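Chemist: what's the 3D shape of this:
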Amino acid sequence: MPDVLGPRIRLLASPDHTRAEEAIFDLDSYAQRGILRLIQAAAYFPEEAVRERVLVAAAQLVSPFSVYYVTQYNLDAMRAIAYMRGIFIWLTASDLHFGTRPPIAPYAVAMCVLCEERLRAIAFAQMLIFFLDLYADGSDRRPTFEMVNLCFRFDAVGVVAVMFFDVRFERAFQLALEDAAEGNPGACVHDGRAVTFWPPYETHATVPGSFDALLQRTRFAHFPTNYTSAKSNLQRPLHRQLGK
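Modeler: Got it, this is the predicted structure:
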């Protein structure tokens, strides 16, 4: 499978120009804050027309460098949203802690969004909104928790990312663990961690090593770039481990 054809866009959890890599476009902290605010604000605008504007604005912040990626809500975007697939691995601070670096947040969810390449920006932005909607726990169906940080990369297989949440995410985290432990549709357990899927209640066919590979491919964003795992199977291309 060929590598990404369009611009390779990346957002680090702590944007740092000293970690620049050739042929990778790094987003800055202003884009990061803008994306977080838009995604969190979407829950307060149930009107479809307003939500579309929020989605488009978020997609444009995700992909500000090139017209290659679709960022408008059109027929292509609707198709991307209808057919996109997602895998989510639920983590705690200890899962992402490395060396002397302090944890970014108490909870995190590693994710991979699978869709047609040109539609990655709009699909990824919509997946973030869908995720917060799905686990909204307030009486008004708005999340009481906050996504406090976000990192992602346009990868060969899709968009790999990590969402970081504050302590109020505990209830959603426990519900995911319960669904996985009980073997409910669309959830499973991997190495003691809950794994869920999009669309909800739908389990995707994977092959051994898929989830470890996803975790490995997200480490670029919050671990030193020279970090390598002792598990050799984590180095295999993710699209092969996903059976793509």
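
Chemist: now the protein, which segments are flagged as low pLDDT?
Modeler: 1-4, 17-20, 97-100, 138-141, 202-209, 219-244 (pLDDT under 70).

Chemist: Please enumerate the strands of it.
Modeler: Using DSSP state E, the strands of the chain run over 8-11, 24-26, 85-92, 107-114, 147-154, 159-165, 187-190, 193-198.

Chemist: quick one, which of those strands is nearest to Ile35?
Modeler: Closest to Ile35 of those, according to Cβ to Cβ: strand 147-154, at 6.3 Å. No exception for glycine: its C-beta is placed from N, CA and C like everyone else's.

Chemist: give me every residue that touches Tyr107.
Modeler: 90-93, 164-167, 169-170, 173 (Cβ atoms under 8 Å, 6 or more residues apart in numbering).

Chemist: returning to that earlier point: which one of the strands of the chain lies nearest to Ser63?
Modeler: Comparing these by Cβ to Cβ, strand 8-11 comes nearest, at 6.0 Å.

Chemist: Summarise which helices and strands that closest one is packed against.
Modeler: strand 24-26, helix 29-41, strand 147-154 (3 or more Cβ pairs under 8 Å, 6 or more residues apart in numbering; DSSP states H and E).

Chemist: among those, which is the most enclosed?
Modeler: strand 147-154 (a mean of 22; mean count of other Cβ atoms under 10 Å).

Chemist: hang on, the earlier thing: may I see the helices and strands packed on strand 8-11 organised as CSV, with distance to Gln216 added?
Modeler: Putting those into CSV (distance: least, Cβ to Cβ, whole Å) gives the following:
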stretch, distance to Gln216
strand 24-26, 18
helix 29-41, 23
strand 147-154, 12
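
Chemist: all helices for this protein, in order.
Modeler: Using DSSP state H, the helices of the chain run over residues 29-41, 48-62, 75-83, 93-96, 120-134, 170-181, 210-218, 238-241.

Chemist: out of those helices, which comes closest to Glu22?
Modeler: Here helix 210-218 is closest among those (Cβ to Cβ), at 18.5 Å.

Chemist: angle of the closest one against strand 147-154?
Modeler: Counting by axes from the mean of the first three to the mean of the last three Cα atoms, to 10 degrees, helix 210-218 lies at 90 degrees to strand 147-154.

Chemist: Work out the gap between helix 210-218 and the centre of the chain.
Modeler: Its chain's C-alpha centre and that of helix 210-218 lie 12 Å apart, by Cα atoms, centre = their mean, to the nearest Å.

Chemist: Dump it to CSV, restricted to CA.
Modeler: Presented in CSV, the C-alpha positions along helix 210-218 are these (Å, rounded to 0.1, in the frame of the first residue of the first chain):
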residue,chain,number,x,y,z
SER,A,210,-3.7,-4.5,15.1
PHE,A,211,-4.3,-2.7,18.4
ASP,A,212,-0.6,-2.8,19.4
ALA,A,213,0.3,-1.3,16.0
LEU,A,214,-2.2,1.5,16.5
LEU,A,215,-0.7,2.4,19.9
GLN,A,216,2.8,2.3,18.4
ARG,A,217,1.9,4.7,15.6
THR,A,218,0.5,7.2,18.0
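
Chemist: I am finished for the moment; much appreciated.
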